[in-house]
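Enquirer: Sequence and predicted structure are below.
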Amino acid sequence: CQGWLEGYLLTGRHGFFSCYEAFIHIIDSMFNQHAKWLKVCHGIPWRRPIASLNYLLSSHVWRQDHNGFSHQDPGFIDHVVNKKAGVIRVYLPPDANCLLSVTDHCLRSRNYVNVVVAGKQPAPVWLNMNEAIQHCTAGLGIWEWASNDRDGEPDVVMACCGDVPTLETLAAVDLLRRHLPELKVRVINVVDLMKLQPPSEHPHGLSDQDFDALFTKDKPIVFAFHGYPWLIHRLTYRRTNHANMHVRGYKEEGTTTTPFDMCVLNDLDRFHLVRDVIDRAPNLGARAAYAKQAIDNALTEHRQYIAEHGEDMPEILNWKWSANAAKRTNRSSTEADNA
């Protein structure tokens, strides 16, 4: 499939390579050669641009609960970011409309390798189409409708990158609103992974000034990431506030279990994210004890429920962004279909 696509692109046409995330590694060396060839071609003026080589990685690590540990590996992203910044792009759209926007951009691009990671399960719609285009064009940004720090500095920044990490982050914000409503939380979603690097390392990179404005210079950051946590540290180690960045992601814990339990096993679930915030947010005092106890009880209930029923609790499966979490509610299914 990789060879066919490379040849197809060289005829002047466009293509997409869809693959299970865990098994795209089988073409690692072919990806290497294509990326290196593109890098060299950038310096040869008589080479005409060709359509980008686009990967769609689906059936990803957070939805391989049924196939088990052998199908759980988000490491292709780590492999890709080793190549020259002028060639590679990595996108993790958080919802269906962002996936449409990113796909449109990738199919229009030239001389890149674009990697798009998105699950094949029905996706939520957090943004309408116009909002999705704006968000994907920026590459990352504050989700004001999910944040409550508009009138001052946040107590904590909750960042997310990937569809399931975004869902769990928003669910964690919902819990924080219930248990610690006075806590000021800023929610940042990242679509374009390379935005995290400085512009000296990648042309999409954010300046230090813009990065500090978004992520602050001194507030705790809880970052929910689709892949291996250390990749975020690798991309942000030069940033002012890197010492306060705590990343949750896949840490090689998995089995055949429920979708939500996959997150729990790797501490990426909403309950662990809330605990991470409580442990790092300043000035919570005695109030943190009651919130922690409620979260620990919820985790215990989850484990008991899946052991007895073999599926996730209804309140997990049917969770929706609520008006209690912010003044804006999750869009209706009708509006989502229209978008």
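Expert: In hand now; what should we look at?

Enquirer: alpha carbons only for contacts and neighbour counts from here, please
Expert: Will do.

Enquirer: Helix or strand next in line after the helix or strand hosting Asp261, which one?
Expert: Asp261 belongs to helix 259-265 when assigned by DSSP states H and E. Once the chain leaves helix 259-265, the next helix or strand it forms, by DSSP H and E, is helix 270-280.

Enquirer: ok, which stretches of the stretch 51-200 of the chain are strands?
Expert: For the stretch 51-200 of the chain, the strands defined by DSSP state E, counting those that start in this stretch cover 53-58, 88-91, 113-117, 140-142, 156-161, 185-190.

Enquirer: deepest of those strands, which one?
Expert: strand 156-161 (a mean of 27; mean count of other C-alpha atoms under 10 Å).

Enquirer: Strand partners (parallel or antiparallel) of that one?
Expert: Here strand 156-161 is paired, per DSSP bridges, with strand 185-190 (parallel), strand 221-225 (parallel).

Enquirer: Redo the strands of the stretch 51-200 of the chain as JSON lines? Include distance to Thr300.
Expert: Shown next, in JSON lines, are the strands of the stretch 51-200 of the chain (distance: least, C-alpha to C-alpha, whole Å):
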{"stretch": "strand 53-58", "distance to Thr300": "31"}
{"stretch": "strand 88-91", "distance to Thr300": "35"}
{"stretch": "strand 113-117", "distance to Thr300": "31"}
{"stretch": "strand 140-142", "distance to Thr300": "33"}
{"stretch": "strand 156-161", "distance to Thr300": "24"}
{"stretch": "strand 185-190", "distance to Thr300": "26"}
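
Enquirer: Need those in JSON lines (columns: mean pLDDT and distance to Leu167).
Expert: JSON lines is the format used below for the strands of the stretch 51-200 of the chain (pLDDT from 0 to 100; distance: least, C-alpha to C-alpha, whole Å):
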{"stretch": "strand 53-58", "mean pLDDT": "97", "distance to Leu167": "17"}
{"stretch": "strand 88-91", "mean pLDDT": "98", "distance to Leu167": "17"}
{"stretch": "strand 113-117", "mean pLDDT": "98", "distance to Leu167": "15"}
{"stretch": "strand 140-142", "mean pLDDT": "98", "distance to Leu167": "15"}
{"stretch": "strand 156-161", "mean pLDDT": "98", "distance to Leu167": "9"}
{"stretch": "strand 185-190", "mean pLDDT": "98", "distance to Leu167": "11"}
